[in-house]
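Student: sequence and computational prediction follow.
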Amino acid sequence: MSVIAAPRLAGADTRPSIVRLTAVELRKMTDTRAGFWLLVTIGLGYVALAVIMLFAADPADLTFRSFFQMMMIPSGVLLPVLGILAATSEWTQRTALNTFALVPERSRVAVAKLLAAVALAAASVGVSLAVAAAGNVVGSALFDGAGTWNLGGAILPLSLLAQVINIVMGVAFGMLLMNSALAIVVYFMLPTVWGVLGEMVKALQTPAQWLDLGVTMQPLLEGSMPGQAWAKLATASAVWVLLPLAAGWTRLLKREVS
Amino acid sequence: MISVEHLTKRYGAHTAVDGVTFTCEPGTVTGFLGPNGAGKSTTMRMICGLTPPSGGSATVHGVPYRRLPNPGRQVGVLLDASAQHPGRTGREVLGLAAQTMGVDRQRVGELLDLVGLNATAAKRRVRAYSLGMRQRLGIALAMLGDPRVLILDEPANGLDPEGIFWMRGVLRDFADRGGTVLLSSHLLREVEAVADRLVVIGGGRVVAAGTKDELLAGSGVRVRGLEPDKLEWALTTAGVPVTRTADGAIVAQADAETVGRVASAAAAVLLELRPADDGGLEQLFLTLTAGQTVKEAVK
């Protein structure tokens, strides 16, 4: 019993800092099988896409920039799933009981989850750069690729922003729906359905340019934001990211944990 | 120290917890008893700030739980041992909590030792844990932050007899060193052996509360005679309220001396005369909560 009789440990009266909570949330996103394999899949996706490009793409297109742009696909699709699970698994696996017993201020947990999601997005862009660089080296050495290193313009920060928007949207959908399967389905289905409708229905074509997140995010991934691109992106993000986030936040604060 | 005042929780027209009031003092183990569905878990979740009460309040060391800066370091909570991510290892569950609370990582190993989860078990994912192992992990989690208060909901569920005996030792020791323990159960036997005080709840209301001795004092003595009818008649004539038990013994609401004198005067031969504590609490529990279980079960 000497274990419990040990002198009281320091820090009993200090709130856990938001940095510490963010580190905890990052750890929670990666320490389960689902989280771990999602990250491995994203990594393998980078490598697989790089290899496909080496064999399939026109040698003139084998540049650092085009490799990097290609890398945005796997993280763009799968990172949001990690974001969704970060929010929903608290409820589907019932870990909310522990989480909120240790941190009763639920807003701080939500902030930590969002910061962890942003950190993960940043890390994915970092790994993308590394794999793109490796692809470019191999491309120019063995596949007669152009091998230029100029990323050009603002593609790096804009791609990072795209990844952040995606994963934060995932967290928002997860926070709102509180159920993994439902949130994943809705996350992928709803924007797609809206996108298809926007193309098919004439009356929706103008609003779709402002409200289809896929369409409005395209310039980000292409590395330039001409004309109204920012206004359109902001509008679509408000609808698809901020709105569910606000609703999810409210629900998170109110829901009874059992 | 836990202080609960007029806690109430309503779900629509249904009142799950109805004006529950009690306190748990440092150095004591309080048993929170009641049939399933009596409102024990809801009360405990309200104490821990996980369920907003419809009325009333609860504090731990004078502070509402949600205002505690780092609650894991003040209050150890085990509300549901199965509420763990099945994909995490036991060690990882404790590691996450240790990181959150800011306690030394080395305590994780110490607590795993304390609750008897060995290195192999600690490395396995919670999915593979039996309920008993999850309870042990939950107790480790509750004690990880070196708290002064423990709030445990049905911690003995799924533990084997050895495990229950072990847990009693841990809780007794914790209270003897000045800790406050609130532990719920729907099984009397579990609580009877370790609790100093009892709070009995039925249908959302506190139906009895006090020290174990106080609550048992009213249960009288158990007496068995060679000629039960003669003995019963003698006691009744002497004005002692009696009830016959199923096995032919008599429970008399008087002290042993009175019963002995009555028997002696009536020349009734006694085969047994002792406090009716054996099963006394059970009787109390059954009486106090009679009908509640059925009502809850069909709800």
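Tutor: Now that the structure is in, tell me what you want to look at.

Student: show the pLDDT at the residue in the stretch 101-250 of chain A that chain B sits nearest to.
Tutor: Nearest to chain B, among the residues of the stretch 101-250 of chain A, is A:Pro104, at 4.1 Å (CB to the nearest CB). All C-beta atoms are positioned from the backbone trio N, CA, C, and that covers glycine. Looking at A:Pro104, its pLDDT is 95.

Student: again, but for B:Ala217
Tutor: So B:Ala217 comes in at 66 (pLDDT).

Student: again with B:Thr287
Tutor: 65.

Student: re earlier: the residue of the stretch 101-250 of chain A closest to chain B: what secondary structure?
Tutor: At A:Pro104 the chain is in coil, as set by DSSP: H, G, I helix; E, B strand; the rest coil.

Student: next one: phi and psi at the residue nearest to the spatial centre of chain A?
Tutor: Nearest residue to the geometric centre of chain A (CA atoms, centre = their mean): A:Ile167, 2.4 Å. Main-chain dihedrals, A:Ile167, degrees, to the nearest 10: phi -70, psi -30.

Student: and the strands in chain B?
Tutor: B:2-11, B:14-24, B:29-33, B:55-60, B:75-78, B:149-153, B:180-185, B:197-202, B:205-211, B:221-225, B:242-244, B:250-252, B:270-275 (DSSP state E).

Student: next, count neighbours for residue 82.
Tutor: Went with chain A since none was named. 25 (other CB atoms under 10 Å in any protein chain shown).

Student: sorry, I should have been clearer: chain B.
Tutor: Residues lying near B:Ser82 (other CB under 10 Å) number 15.

Student: quick one on the thing from earlier: I'd like the strands of chain B laid out as a markdown table, including mean neighbour count, distance to A:Ala133 and mean pLDDT.
Tutor: Converted to a markdown table, the strands of chain B look like this (neighbours: other CB atoms under 10 Å in any protein chain shown; distance: least, CB to CB, whole Å; pLDDT from 0 to 100):
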| stretch | mean neighbour count | distance to A:Ala133 | mean pLDDT |
| --- | --- | --- | --- |
| strand B:2-11 | 18 | 58 | 96 |
| strand B:14-24 | 19 | 60 | 95 |
| strand B:29-33 | 27 | 62 | 95 |
| strand B:55-60 | 18 | 54 | 96 |
| strand B:75-78 | 26 | 48 | 96 |
| strand B:149-153 | 24 | 54 | 96 |
| strand B:180-185 | 25 | 59 | 95 |
| strand B:197-202 | 24 | 65 | 90 |
| strand B:205-211 | 17 | 69 | 88 |
| strand B:221-225 | 22 | 85 | 87 |
| strand B:242-244 | 15 | 87 | 82 |
| strand B:250-252 | 22 | 86 | 85 |
| strand B:270-275 | 13 | 83 | 86 |
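
Student: those strands: which one's closest to A:Asp144?
Tutor: The closest of the strands of chain B to A:Asp144 is strand B:75-78. By CB to CB, the value is 64.0 Å.

Student: in its sheet, what does the closest one sit against?
Tutor: strand B:149-153 (parallel) (DSSP bridges).

Student: contacts for the partner strand next, please.
Tutor: Outside strand B:149-153, the residues that touch it by CB atoms under 8 Å, 6 or more residues apart in numbering or on different chains are B:1-2, B:24, B:40-41, B:44, B:47-48, B:60-61, B:74-80, B:139, B:142-143, B:171, B:174, B:179-184.

Student: same thing with stretch A:43-56?
Tutor: A:61-62, A:66-67, A:70-71, A:73-75, A:78, A:127-128, A:131-132, A:134-135, A:138-139, A:142-143, A:145.

Student: show me the residues you listed that map onto strands.
Tutor: When strands are assigned by DSSP E, not one member of the contacts of stretch A:43-56 lies inside them.

Student: chain B next: which of these are close?
Tutor: With CB under 8 Å from any CB of the partner chain as the criterion, these include none near chain B.

Student: before we move on, which element is A:Lys28 in?
Tutor: Using DSSP states H and E, A:Lys28 falls within helix A:18-30.

Student: isn't A:Met29 up against A:Ala119?
Tutor: No. With contact defined as CB atoms under 8 Å, A:Met29 does not count as touching A:Ala119 (9.5 Å).

Student: more crowded one of those two?
Tutor: Counted by other CB under 10 Å, A:Met29 and A:Ala119 do not tie: A:Met29 has more neighbours, with 23 against 17.

Student: what residues are up against that one?
Tutor: Going by CB under 8 Å, 6+ apart, the list of residues near A:Met29 reads A:35, A:82, A:85-86, A:116-117, A:120.

Student: show me where the stretch 51-200 of chain A has its helices.
Tutor: A:64-92, A:96-102, A:106-142, A:155-177, A:180-200 (DSSP state H, counting those that start in this stretch).

Student: between those helices, which has the poorest mean confidence score?
Tutor: Minimum mean pLDDT among the helices of the stretch 51-200 of chain A: helix A:180-200, a mean of 90.

Student: from the contact counts, what lies against the helix or strand just after it?
Tutor: With elements assigned by DSSP H and E, the helix or strand that comes after helix A:180-200 is helix A:205-211. Counting contacts by 3 or more CB pairs under 8 Å, 6 or more residues apart in numbering or on different chains; DSSP states H and E, helix A:205-211 is packed against helix A:180-200, helix A:213-222, helix A:229-237.

Student: and the longest one, does that touch chain B?
Tutor: Translated: helix A:180-200. No. Counting by CB under 8 Å from any CB, chain B has no neighbours in helix A:180-200; the shortest distance is 11.9 Å.

Student: just the buried positions in that helix, please.
Tutor: A:180, A:182-184, A:186-187, A:191, A:194-195, A:198 (16 or more other CB atoms under 10 Å in any protein chain shown).

Student: now residue 91, nearest residue through space, not along the chain?
Tutor: Went with chain A since none was named. A:Met178 (4.5 Å; CB to CB, 6 or more residues apart in numbering or on different chains).

Student: let me rephrase: I mean chain B.
Tutor: Nearest non-adjacent residue to B:Arg91 (CB to CB, 6+ apart): B:Ala122, at 4.2 Å.

Student: OK, contacts around that neighbour?
Tutor: B:89-91, B:112.

Student: kindly provide the distance from it to chain A.
Tutor: Noted for B:Ala122: a distance of 14 Å to chain A, by CB to the nearest CB, to the nearest Å.

Student: list the contacts for the closest residue to chain B within the stretch 151-258 of chain A?
Tutor: Using CB to the nearest CB, the closest approach of the stretch 151-258 of chain A to chain B is made by A:Val257 at 4.0 Å. Contact analysis of A:Val257 by CB under 8 Å, 6+ apart lists A:96-97, A:100, B:45, B:50-51.

Student: from the contacts of B:Ala122, pick the one nearest chain A.
Tutor: Nearest member of the contacts of B:Ala122 to chain A, counting by CB to the nearest CB, is B:Thr89, at 8.5 Å.

Student: please name the bridge partners of that closest one.
Tutor: B:Arg125.

Student: which stretches in the stretch 1-150 of chain B count as helices?
Tutor: Under DSSP H, counting those that start in this stretch, the stretch 1-150 of chain B gives helices at B:40-47, B:90-101, B:106-114, B:119-123, B:131-143.

Student: and the longest one, what's buried?
Tutor: In other words, helix B:131-143. B:132-143.

Student: save these as CSV, and put in pLDDT and distance to chain A too.
Tutor: What follows is these, written out as CSV (pLDDT from 0 to 100; distance: CB to the nearest CB, whole Å):
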residue, pLDDT, distance to chain A
B:Gly132, 93, 19
B:Met133, 95, 17
B:Arg134, 95, 12
B:Gln135, 95, 14
B:Arg136, 95, 14
B:Leu137, 96, 11
B:Gly138, 96, 9
B:Ile139, 96, 11
B:Ala140, 96, 10
B:Leu141, 96, 7
B:Ala142, 97, 9
B:Met143, 96, 6
